[in-house]
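>>> Sharing a model that was predicted from the sequence below.
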Amino acid sequence: MGPDLKTVRTGMLAGIRQVAQGALHIVFPPRCIACNGAVSTDFGLCGPCWRDTPFITGLACDGCGAPLPGDDTGPVLCDDCLAQDRPWARGRAALAYRDNGRKLVLALKHGDRLDLVRPMGAWLHRAAAPLLEPGMLVAPIPLHRLRLLKRRYNQSALLSRELARLAGFDHCADLFERPRATPSQDGKTRDERFENLRGAVQVTPRRRASVAGRHVLIVDDVMTSGATLSAATQAALAAGAAKVSVLALARVAKDA
Ligand SMILES: [Zn+2]
Ligand SMILES: [Zn+2]
């Protein structure tokens, strides 16, 4: 018996895709996403850039994902998370916010580098592994609508959508909203940052029902003090979320 039609068709499609991709690589050879140097596969970093990108792969704080020295296996917390009660259950981050970590985050945020969403989604997926539980609802930290108009896209929403796609979870891009524009966090102390963000993130009224009883995974591009993630976590819990975990692409760590 020969192969059925579906197998033949799938095989043909895969073949066509391979040829198309081959042709694409002749015209547009794959480039390193950080330095634009030649690499062998799409959406990758070249060797030197990979080494200069501070992925958080070893021991990490269970509250915020900051890299920690040592090789403990149990859950550990960094000094920040010990000093500052986190309203969420657990947190992780893919990168430290320095060197290439910082450069790539800024390229996505201000440089229209939407090609970065795909590799960054894969990095987030790997970093989030300890947090993932079946049936999670993934949602991004929102931008205020005026900032969204100016920037045209919410980089955190692009990241959370890609992560949800990879992990096979529901995604809700407008689960949260920012009813008011908040002054910049730059130059503020930790306490001022938390005060500035108090109540600044809310569950969108028409989404309240979808939060109830869910384990919500909140995604942001950068975590600094954690004030924004705290505001969003408190909003989700107030709306009836069963549990909240947080995930940042990059963690600003004091010593990293
Ligand atoms: Zn490179
Ligand atoms: Zn921490």
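Right, received. Where do you want to start? Numbering: from 1, shown residues only. Ligands and ions are numbered 1, 2, ... in the order given.
>>> count of neighbours near Arg208?
15 (other Cβ atoms under 10 Å). Every residue, glycine included, has its C-beta placed from N, CA and C.
>>> Look up which helix or strand it falls in, please.
helix 208-211 (DSSP states H and E).
>>> is it true that Arg92 lies in a helix?
No: read with DSSP: H, G, I helix; E, B strand; the rest coil, Arg92 is strand and lies in no helix.
>>> what pLDDT does it get?
At Arg92, the model reports a pLDDT of 98.
>>> Trp123 now?
The model's pLDDT for Trp123 equals 97.
>>> Tell me how far it lies from Ile33.
11 Å (Cβ to Cβ, to the nearest Å).
>>> quick revisit: got the contact list for the helix holding Arg208?
137, 172, 175, 203, 236, 239-241 (Cβ atoms under 8 Å, 6 or more residues apart in numbering).
>>> ok, 6 Å please
Where contact means Cβ atoms under 6 Å, 6 or more residues apart in numbering, the residues beyond helix 208-211 that reach it are 203, 236, 239-241.
>>> and what of stretch 58-74?
So stretch 58-74 is in contact with 56, 75, 77-78, 81, 86, 90-93, 251, 253, 256, going by Cβ under 6 Å, 6+ apart.
>>> Nearest to ligand 2 among the contacts of helix 208-211?
Ala236 (19.4 Å; Cβ to the ion).
>>> Assess the claim that the closest one and Ala242 are in contact.
No: using Cβ atoms under 6 Å, Ala236 makes no contact with Ala242, being 9.7 Å away.
>>> So between the two, which is more surrounded?
Using other Cβ under 10 Å as the criterion, Ala236 and Ala242 rank with Ala236 on top: 27 against 14.
>>> do the helix or strand hosting Arg118 and ligand 1 meet?
Assessed by DSSP H and E, Arg118 sits inside helix 117-127. No: Helix 117-127 does not reach ligand 1 (Cβ under 5 Å from the ion); its nearest approach is 12.1 Å.
>>> Show me what that helix is packed against.
The elements that helix 117-127 packs onto, with contact taken as 3 or more Cβ pairs under 6 Å, 6 or more residues apart in numbering; DSSP states H and E, are strand 90-96, helix 155-167.
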